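**Q** Here is the input, now give the coordinates:
(chains A and B)
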Amino acid sequence: NAGVTQTPKFRVLKTGQSMTLLCAQDMNHEYMYWYRQDPGMGLRLIHYSVGEGTTAKGEVPDGYNVSRLKKQNFLLGLESAAPSQTSVYFCAIKGAVNTEAFFGQGTRLTVV
Amino acid sequence: GENVEQHPSTLSVQEGDSAVIKCTYSDSASNYFPWYKQELGKRPQLIIDIRSNVGEKKDQRIAVTLNKTAKHFSLHITETQPEDSAVYFCAAPPGTGFQKLVFGTGTRLLVSP
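**A** Residues are numbered from 1 along each chain as shown, chains lettered A, B, ... in the order given. Below is the predicted model of the structure:
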């Protein structure tokens, strides 16, 4: 899935530090999503966007902020990282209603 | 809909057996039901999907069945092989409004040789 690229792939943060994860797509899709995946918890939706300039909260938005200033990019920010935010983060995109979602390769984040 | 329940959470079968994973959803307006497979250390990928105008769809050894009255759909894998070992996720996007894509909690399938 070369169409969805996440940056970085791995990161270790200290508690209280901030960082931004970038999801970039070249498929011109409207919908973009950020998920976190923890053992036994499946894919939990953090925030999502239905188009440039729009964002909405998912199931677990606390501690995260997002922005979609350009259609092709969806940024996920952690203002003050906590150990509970240690997880694998996936970005996904979708072109239209009821179509396939494409995932990025994931970002493994560890907060110590 | 937004509430998607998936069972079982883990499933162990012998190679050659069949495996069935079931999902229930709450939004009666949902009309698209995809299944994703995630191999260890990799990203989820779509393996099959079904729309509400059909009750069953097959693709080689995998099939999905849909019961809109009962609001549940199932993934069937026949003649399982070790390479089918993975985590499987269902989803049921809301039928109206924005596409808040929420997944089931996943089923870890282990196929033993």
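**Q** Quick one: low-confidence residue ranges for chain A.
**A** Counting by pLDDT under 70, the ranges of chain A that qualify are A:1-2.
**Q** Chain B contacts on that one?
**A** A:1, A:31, A:33, A:35, A:40-43, A:45, A:48, A:50, A:56, A:58-59, A:90, A:92, A:94, A:97-98, A:100-101, A:103-106 (Cβ under 8 Å from any Cβ of the partner chain). C-beta here means a position set from N, CA and C on the backbone, and glycine is covered the same way.
**Q** Buried ones among those residues?
**A** Buried subset of the residues of chain A next to chain B (neighbour count, 16 or more other Cβ atoms under 10 Å in any protein chain shown): A:31, A:33, A:35, A:42-43, A:45, A:48, A:50, A:58, A:90, A:92, A:94, A:97-98, A:101, A:103-104, A:106.
**Q** Next step: those residues restricted to strands.
**A** Using DSSP state E, the members of these that fall in strands are A:31, A:33, A:35, A:42-43, A:45, A:48, A:90, A:92, A:94, A:101, A:103.
**Q** residue boundaries of the strands in chain B?
**A** Residue ranges of the strands in chain B, as given by DSSP E, are B:4-7, B:10-14, B:19-25, B:32-38, B:45-51, B:56-59, B:62-67, B:72-77, B:86-90, B:107-112.
**Q** just to revisit the earlier point, got CSV for the ones in strands among the buried ones among the residues of chain A next to chain B, with distance to residue B:9 too?
**A** What follows is these, written out as CSV (distance: Cβ to Cβ, whole Å):
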residue, distance to residue B:9
A:31, 28
A:33, 23
A:35, 18
A:42, 9
A:43, 14
A:45, 19
A:48, 25
A:90, 20
A:92, 22
A:94, 26
A:101, 22
A:103, 21
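**Q** from these, which two are the most distant?
**A** A:31 and A:42 (19.4 Å; Cβ to Cβ).
**Q** Residue nearest the middle of chain A, spatially speaking?
**A** residue A:34 (3.0 Å; Cα atoms, centre = their mean).
**Q** For that one, name its beta-bridge partners.
**A** residue A:47, residue A:91 (DSSP bridges).
**Q** Surely it and residue A:6 touch.
**A** No - at 9.8 Å, residue A:34 and residue A:6 do not qualify as touching, with contact defined as Cβ atoms under 8 Å.
**Q** any shared contact partners between those two?
**A** Shared contacts of residue A:34 and residue A:6, defined by Cβ atoms under 8 Å, 6 or more residues apart in numbering or on different chains, comprise A:21, A:23, A:89-91.
**Q** now these as CSV including distance to residue B:68?
**A** Converted to CSV, these look like this (distance: Cβ to Cβ, whole Å):
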residue, distance to residue B:68
A:21, 38
A:23, 34
A:89, 34
A:90, 29
A:91, 31
